[in-house]
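Engineer: structure, please.
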Amino acid sequence: MLATSMLLAGIGVAEADTANNLKCKGCVGARDIGKKSIGSGKIRNNAIDTKHLKDGSVTPEKLSTPAQPSAASNFYTTSLTVYGPGSDITLMTDTVNVPGDGKLVVMASWRWIFNADEGSYCSITLDSEDFSVERGIRSSSTAGSSLTQSPASMTTVFKDVAAGQHVVRLVRATDGGDEVAMFERGMTTMFVRGQL
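Structural biologist: All right, here's what the predicted structure looks like:
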């Protein structure tokens, strides 16, 4: 008993000391770091750049609204084309690649050449070759007139368009058996995100 007491009396209290210049590759992993223990205040400026980001890790949805992508496409021709009677005739087509979910704003403009008392309906469609009554407008010549040139234009907004390839069209439906000519055709499609 006395020997044990004497032995214990010679031993000091054990204390932990801070390690300096510790070289240990891989000693501290992600599991050893508490959640939210490293914030932006603990990372020096410009310490993280593109080489540290995994491909596809930053998506349009993670960007602030001003930084989110937009895109535009344009089709234009001055050629004159004559269209006979019939419905659901495609006048202009543009294939667009939408970079993310959002809206498409489509603007079309053209010039008609009508004979007397002729007219035509037009609509802008998305991924459809069918004339749309809800999005249609009508152009026509005046009654009793001879050959008439008539400019026309329209704008359509398609909401909730999914990312990927889409086809926008200007589709025509005529009045009865009317024949019309069209020239100076143009179509601009713009992709936008967010709300006004």
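Engineer: show me where this protein has strands.
Structural biologist: 71-77, 81-83, 89-98, 102-114, 119-126, 136-140, 148-161, 164-174, 180-192 (DSSP state E).
Engineer: dump these to CSV, plus distance to residue 50.
Structural biologist: Glycine gets a C-beta too; all of them are placed from N, C-alpha and C. As requested, the strands of the chain are exported to CSV (distance: least, Cβ to Cβ, whole Å):
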stretch, distance to residue 50
strand 71-77, 21
strand 81-83, 48
strand 89-98, 23
strand 102-114, 24
strand 119-126, 35
strand 136-140, 47
strand 148-161, 29
strand 164-174, 26
strand 180-192, 24
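Engineer: weakest of those in terms of mean pLDDT?
Structural biologist: Among these, strand 136-140 has the lowest mean pLDDT, at a mean of 80.
Engineer: can you tell me which helices and strands that strand packs against?
Structural biologist: strand 102-114, strand 119-126, strand 148-161 (3 or more Cβ pairs under 8 Å, 6 or more residues apart in numbering; DSSP states H and E).
Engineer: could you redo those as TSV and give each row distance to residue 51 and mean neighbour count?
Structural biologist: Compiled in TSV, the helices and strands packed on strand 136-140 are given as follows (distance: least, Cβ to Cβ, whole Å; neighbours: other Cβ atoms under 10 Å):
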stretch	distance to residue 51	mean neighbour count
strand 102-114	29	20
strand 119-126	39	21
strand 148-161	33	14
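Engineer: quick one: the ones you listed as TSV, columns for distance to residue 74 too.
Structural biologist: Listed next are the helices and strands packed on strand 136-140 as TSV, based on distance: least, Cβ to Cβ, whole Å:
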stretch	distance to residue 74
strand 102-114	10
strand 119-126	14
strand 148-161	14
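Engineer: for residue 55, which of these is the nearest?
Structural biologist: strand 102-114 (21.9 Å; Cβ to Cβ).
Engineer: mind exporting the closest one as CSV, just the C-alpha atoms?
Structural biologist: Output of strand 102-114 as CSV, limited to C-alpha atoms (Å, rounded to 0.1, in the frame of the first residue of the first chain):
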residue,chain,number,x,y,z
GLY,A,102,-39.2,29.3,-68.2
LYS,A,103,-41.1,31.3,-70.8
LEU,A,104,-40.9,31.9,-74.5
VAL,A,105,-41.8,35.2,-76.0
VAL,A,106,-42.4,34.9,-79.8
MET,A,107,-42.9,37.9,-82.1
ALA,A,108,-43.7,37.5,-85.8
SER,A,109,-44.2,40.1,-88.5
TRP,A,110,-44.9,39.9,-92.2
ARG,A,111,-46.6,41.5,-95.2
TRP,A,112,-49.6,40.1,-97.0
ILE,A,113,-50.7,40.6,-100.6
PHE,A,114,-54.4,40.2,-100.8
